[in-house]
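>>> Kindly generate the corresponding structure for this input.
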Amino acid sequence: MAAELPLFHRLLLVSTTLLALTIGGPGEALSADLLLFAGAGLRQPTDQLIEAFEKQAGHVVRVTYGGSGQLMSSILASGQGDLFMPGALFYIEKLETMGRIHSFQKVAAHTAVVGVNKSKADLIRSFDDLARSGVRLALGDPKAMALGRTAQTILSRSSLREQILKNVVVYGATVKQLALYVAQGDADAAIIGRADAFQFKDRIRMIPIPEKYFQPETIAVAVLTDSKNRAEASRFCDFMASPESIAVFEHFGFLALTKAVQRTDP
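As a prediction, this is how the structure comes out:
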């Protein structure tokens, strides 16, 4: 991991330089306080990119992480917030039909895999092995998180759906919870994001999900109609969708939309 850090810092340097050229340095505009609602599974690249944006733009970005469904409910209930970046485009499209989205930009792909605790690698070698007797499976709550909905879709297309559901021992509210269940051995396997399995690659093995069951979700960042700082929020969207920022997402195990195929290699 240490060998990758210099590349990562170079990516951040390029992204901050790009931002400076685009919107100028701090002090050239009044500082804005932006509120971002972001999917919990996007935390690592988002935290790093927010830091870079704040240094160059002079704006403060406060972020609330959680399950995408929970965040959408918070946006609807509170009427607050400037930006929304869920784990699937579905949530933005749903808010858009309600007139709550001003604009959005696509960023990267959220690719699901079967994450297997390495101690169970001999028991679970393929997606169909999730139906085997004795497997302890964790799934996301479809009402709370994007990958919960994704898992529901995947299982609905499998002839083994009922057998697999019998093996579910716990439902998680965020993808981070699911990854920890597997990494710690509380569950043998879970349908999680590739980036989350990547984070625990010393303890979690990735198994691809057949393409007939699943296509990668699109991560996008949206400006909410409730925002009182639309110009600044739009600049943040531009920054997050830049090639340099997408490269940071890739550094943490996400895939660029042009590369969004079923990959299991770290």
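
>>> the strands in the chain, which residues?
When assigned using DSSP state E, the strands of the chain occupy the ranges 33-39, 60-66, 83-85, 101-110, 112-117, 137-140, 168-172, 189-193, 204-207, 217-224.

>>> would you list those strands in JSON lines and tack on distance to Lys259, mean neighbour count and mean pLDDT?
Where you see a C-beta, it was placed from the backbone N, CA and C, and this is true even at glycine. Formatted as JSON lines, these follow (distance: least, Cβ to Cβ, whole Å; neighbours: other Cβ atoms under 10 Å; pLDDT from 0 to 100):
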{"stretch": "strand 33-39", "distance to Lys259": "20", "mean neighbour count": "22", "mean pLDDT": "97"}
{"stretch": "strand 60-66", "distance to Lys259": "25", "mean neighbour count": "16", "mean pLDDT": "96"}
{"stretch": "strand 83-85", "distance to Lys259": "20", "mean neighbour count": "26", "mean pLDDT": "98"}
{"stretch": "strand 101-110", "distance to Lys259": "8", "mean neighbour count": "21", "mean pLDDT": "95"}
{"stretch": "strand 112-117", "distance to Lys259": "15", "mean neighbour count": "26", "mean pLDDT": "96"}
{"stretch": "strand 137-140", "distance to Lys259": "24", "mean neighbour count": "27", "mean pLDDT": "97"}
{"stretch": "strand 168-172", "distance to Lys259": "27", "mean neighbour count": "17", "mean pLDDT": "96"}
{"stretch": "strand 189-193", "distance to Lys259": "15", "mean neighbour count": "30", "mean pLDDT": "96"}
{"stretch": "strand 204-207", "distance to Lys259": "16", "mean neighbour count": "22", "mean pLDDT": "96"}
{"stretch": "strand 217-224", "distance to Lys259": "13", "mean neighbour count": "25", "mean pLDDT": "96"}
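
>>> Save these as JSON lines, and put in distance to Leu130 too.
Shown next, in JSON lines, are the strands of the chain (distance: least, Cβ to Cβ, whole Å):
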{"stretch": "strand 33-39", "distance to Leu130": "24"}
{"stretch": "strand 60-66", "distance to Leu130": "26"}
{"stretch": "strand 83-85", "distance to Leu130": "30"}
{"stretch": "strand 101-110", "distance to Leu130": "20"}
{"stretch": "strand 112-117", "distance to Leu130": "7"}
{"stretch": "strand 137-140", "distance to Leu130": "6"}
{"stretch": "strand 168-172", "distance to Leu130": "10"}
{"stretch": "strand 189-193", "distance to Leu130": "6"}
{"stretch": "strand 204-207", "distance to Leu130": "9"}
{"stretch": "strand 217-224", "distance to Leu130": "20"}
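
>>> and Leu180, what is it in contact with?
Leu180 is in contact with Asp186, counting by Cβ atoms under 8 Å, 6 or more residues apart in numbering.

>>> State the distance from it to Gly115.
When distance is defined by Cβ to Cβ, to the nearest Å, Leu180 is 11 Å away from Gly115.

>>> Tell me which stretches of the chain form helices.
In the chain, the segments counted as helices under DSSP state H are 5-23, 43-57, 68-78, 89-97, 146-156, 161-165, 175-183, 194-199, 230-240, 243-251.

>>> Show me what the third one packs onto, helices and strands only.
Judged by 3 or more Cβ pairs under 8 Å, 6 or more residues apart in numbering; DSSP states H and E, helix 68-78 is in contact with strand 33-39, strand 60-66, strand 83-85, helix 89-97, helix 146-156.

>>> So this protein: which segments form each domain?
2-109+217-259, 112-207 (automatic domain parsing).

>>> which stretch in the ones you listed has the least confidence?
Set side by side, these give their lowest mean pLDDT on domain 2-109+217-259, at a mean of 86.
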